[in-house]
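Engineer: What shape does this take:
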Amino acid sequence: MVDDQTACAIDTADRRTFDNKPHFIQQPPHFHETRFMHHALTTLLKAHGRARLRRLTLAFSTPRRTLLSLLIVFLAVVWTGQTVASMLMREPSPPEVFRNWLAAVLAGWTVWHVLRVAWKRPETAIEWSAAEEAQIVAGPFSAREQLVYRFLVILTATLPKALLTILILWPDLSWVSPIGLVAALVGLELFRMLMDVATCCLSRRGYQSYRLAVFGAAIAAAVFFPLEATVRNPDAAAGSTAQLQMNPATVIVSSLLSNPAVKPIAFPFLRAAEFIAGQGSRAALAVTFFAMIATLATMAMTIIALESAWRRQQIRSERELWRLSAGSSNSARPMAAADGRLPRVPWCGPVMWRQWRRVLQYKGSLLISMAIPALLMSPAALSIPDASTAFGFVLASTLFYTFVLLPEAIKFDFRLDSDHMVQLKLLPMTAARITIGQLATPVVLGSLFQVVVLSAVGFYRSVDPLLVVVGLALCLPLTVLFVALDNLVFLLYPHRPTQEGFEAFLRTILKFTGKMLLITLFLLSLVAWAPAAAAIASALPFHASVASVFVPGVIAGIVALALAATACVTSAFRRFDPSLHGLA
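Structural biologist: This next block holds a predicted model:
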């Protein structure tokens, strides 16, 4: 028997032991703090590898999948084979040029990550998918183990990218280049994580100061370097690269890297580029290699420390909110609307309204993705003498951009709802209404982009208003067709937007090849329709021009294709089974 005093002492000792081990509840009894990573996470990584192999075998499970998979493999072999052969047969670049361009690319990606978090602060320090939040974040793993898992995922995703880069740059590489490329790509990913975590740790005033400093420096650099380049002596600016005057871009990169204001910033990138190119003695390469490894380790430890600080900051913020809500007299009232009513859904319908809520969250990146092509098209629109020719060039460029690149920036449709397909299937709505609601947002965004660009060019160059109306009449059904085709491919072969690796590479090859084939077929159909339209115009009892038959026929054909593509998307969604594609 144990008396009360002994029991009290045992209880006190147990409580002290519990207080000294804050992770006792979170970790299972067999957990050891000295372990590099929990064995469950190692098992999960192995399961992910087996799942990728199983997904590849699933691509040959049905005749339709087998046919399309063989087509993908054939196109991948053709495109990759041509690219690899052209890269292997080309002459090596001059060592100085290769080093400067490689350093410029690495520095450019680094600056992009700095500008990216200054434009919009990430919502959370570490981005986790829904499955990772359920398996990793909610699991019995410490913060350090979660970050180690993230680092290993980054490493496995970097290896295929490094392999493709090696194939492209093969004539310029040496025996140490694969190690340097992997280290450089991993460093870029770690720097991206570091910027996300660091900006999340900043207070609101600190983040505003950071944005002001970054954009102020960007504006100052955009003003200073062009002025400095015009003032500087051209011979001194070229320096040892006088033989490269035939390539202005190379001269600009070399001049920029040799600028006294840029040299301290470009020094680590130049050393990394020299290591990747294998330039220098073995001792110098060994020193650079250990410096790169030390830099990666420093960034990883800094990310772990900052992520821990961010967690503590979140806990303090939640405690402060709880204290304020507990002390408020209105804490018992709901925090929704004052009268407790749900927000009104506008006329566009619940599905489209939900996608428009997403658009408001990414309005900054959308403006950039639409402003850049508009700026790239403006020189041609202003320099071509004939106004109609300039408008035709802008119209063709706008349609090409809308077909090839813009759908990836405005995929507020089925492609962004890969984790919500079950909820969409359970909605008390017909498949046609859900499909129209999903396609409406990207169609409206693409059409707004086209209306703004074409109207601005038509107004500035005084183009015939009828020509502008005809161009807009062509754009709207083509946008519906483009968006419907992308969603049809997704519903037939679904995937998550953040998926990377060899499958994403093959899918990209298939999509771009298919789009090029569709453009070719469209041009051939125009060639075939032109004489037919001329024959129809001459056979009409009243006088009609060829254009009055050709243009409505083209528009009617595009509208019919758009309606057929939308019907195919509706049918594919109706037959879609989330459980068969791992999206349930």
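Engineer: Give the next helix or strand downstream of the longest helix anywhere in the chain.
Structural biologist: Assignment by DSSP state H gives helix 282-327 as the longest helix of the chain. Next helix or strand after helix 282-327 toward the C-terminus (DSSP states H and E): helix 350-361.
Engineer: tell me the contacts of Leu521?
Structural biologist: By CB atoms under 8 Å, 6 or more residues apart in numbering, the contact list for Leu521 is empty. Any C-beta I mention is one placed from the backbone N, CA and C, and that applies to glycine too.
Engineer: which SSE is it in?
Structural biologist: Assigned by DSSP H and E, Leu521 belongs to helix 502-539.
Engineer: Now do that helix: distance to the chain's middle.
Structural biologist: Mean-position distance between helix 502-539 and its chain equals 28 Å (CA atoms, centre = their mean, to the nearest Å).
Engineer: just stretch 432-439 next, same as before
Structural biologist: Relative to the centre of its chain, stretch 432-439 is centred 24 Å away, using CA atoms, centre = their mean.
Engineer: tell me which residues of that stretch are tucked away?
Structural biologist: For stretch 432-439, burial by neighbour count (16 or more other CB atoms under 10 Å) applies to 434-439.
Engineer: next one: stretch 397-404
Structural biologist: Buried residues in stretch 397-404 (16+ other CB under 10 Å): 397-399, 401-403.
Engineer: For it, which outside residues touch it?
Structural biologist: 373, 377, 380, 446, 449-450, 453-454, 474-475, 478-479, 482, 512, 515, 519.
Engineer: In ChimeraX, how would I select just the buried ones from these?
Structural biologist: Of the contacts of stretch 397-404, the buried ones go into a single ChimeraX selection, burial set by 16+ other CB under 10 Å:
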select :373,377,446,449,450,453,454,474,475,478,479,482,515
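Engineer: Looking at the contacts of stretch 397-404, which two lie furthest apart in space?
Structural biologist: Greatest spatial distance among the contacts of stretch 397-404 (CB to CB): Leu454 and Phe512, at 25.0 Å.
Engineer: still on that earlier bit, next, format the buried residues of stretch 397-404 as a markdown table and append distance to Pro428.
Structural biologist: Below are the buried residues of stretch 397-404 laid out as a markdown table (distance: CB to CB, whole Å):
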| residue | distance to Pro428 |
| --- | --- |
| Ser397 | 43 |
| Thr398 | 39 |
| Leu399 | 38 |
| Tyr401 | 38 |
| Thr402 | 33 |
| Phe403 | 35 |
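Engineer: Which single one of the residues you listed is nearest to Ala291?
Structural biologist: Nearest member of the buried residues of stretch 397-404 to Ala291, counting by CB to CB, is Tyr401, at 42.1 Å.
Engineer: Quick check: Leu382 vs Val394, distance?
Structural biologist: 10 Å (CB to CB, to the nearest Å).
Engineer: Residues that sit against both of the two, list them.
Structural biologist: Between them, Leu382 and Val394 share no contacting residue, judged by CB under 8 Å, 6+ apart.
Engineer: which one of the two has more residues nearby?
Structural biologist: In terms of neighbours (other CB atoms under 10 Å), Val394 is the more surrounded of Leu382 and Val394; the figures are 24 against 11.
Engineer: For whichever strand or helix holds Pro264, give me every contacting residue.
Structural biologist: Secondary structure assignment for Pro264, by DSSP H and E: helix 263-277. Defining contact as CB under 8 Å, 6+ apart, one finds that helix 263-277 is touched by 95, 98-100, 102-104, 106-107, 110, 172-174, 176-177, 180-181, 183-184, 187, 257, 280, 284-285, 288-289, 291-292, 295.
Engineer: Now restrict these to buried residues only.
Structural biologist: Going by neighbour count (16+ other CB under 10 Å), the contacts of helix 263-277 have 98-100, 102-104, 106-107, 110, 172-173, 176-177, 180-181, 183-184, 187, 257, 285, 288, 292, 295 buried.
Engineer: Wait, Ile179 touches Ala286, no?
Structural biologist: No: in this structure, Ile179 is not within contact of Ala286 by CB atoms under 8 Å, at 11.4 Å.
Engineer: next SSE after the helix or strand hosting Val394?
Structural biologist: Element membership for Val394, per DSSP H and E: helix 387-404. Following helix 387-404 in sequence order, the next helix or strand is helix 406-409 (DSSP H and E).
Engineer: Give the buried residues for whatever helix or strand comes next after that following helix.
Structural biologist: Downstream of helix 406-409, the first helix or strand assigned by DSSP H and E is helix 421-426. The neighbour-count check on helix 421-426 (16+ other CB under 10 Å) flags 421, 424 as buried.
Engineer: how many degrees apart are the helix or strand just after helix 421-426 and helix 350-361 in direction?
Structural biologist: For helix 421-426, the succeeding helix or strand toward the C-terminus, using DSSP H and E, is helix 431-460. Angle of helix 431-460 versus helix 350-361, following axes from the mean of the first three to the mean of the last three CA atoms, to 10 degrees, is 40 degrees.
Engineer: hmm, back to that, which one of Ile179 and Ala286 is surrounded by more residues?
Structural biologist: The residue with more neighbours, out of Ile179 and Ala286, is Ile179; 16 against 13, by other CB under 10 Å.
Engineer: Excluding sequence neighbours, find me the nearest residue to the more buried one.
Structural biologist: Phe289 (7.1 Å; CB to CB, 6 or more residues apart in numbering).
Engineer: What are the neighbouring residues in contact with the one you found?
Structural biologist: By CB under 8 Å, 6+ apart, Phe289 lies in contact with 176, 179-180, 183, 275.
Engineer: how close does Ile558 get to Ser525?
Structural biologist: In terms of CB to CB, Ile558 sits 10 Å off from Ser525.
Engineer: Please say which of the two ends up with more neighbours.
Structural biologist: The residue with more neighbours, out of Ile558 and Ser525, is Ile558; 19 against 13, by other CB under 10 Å.
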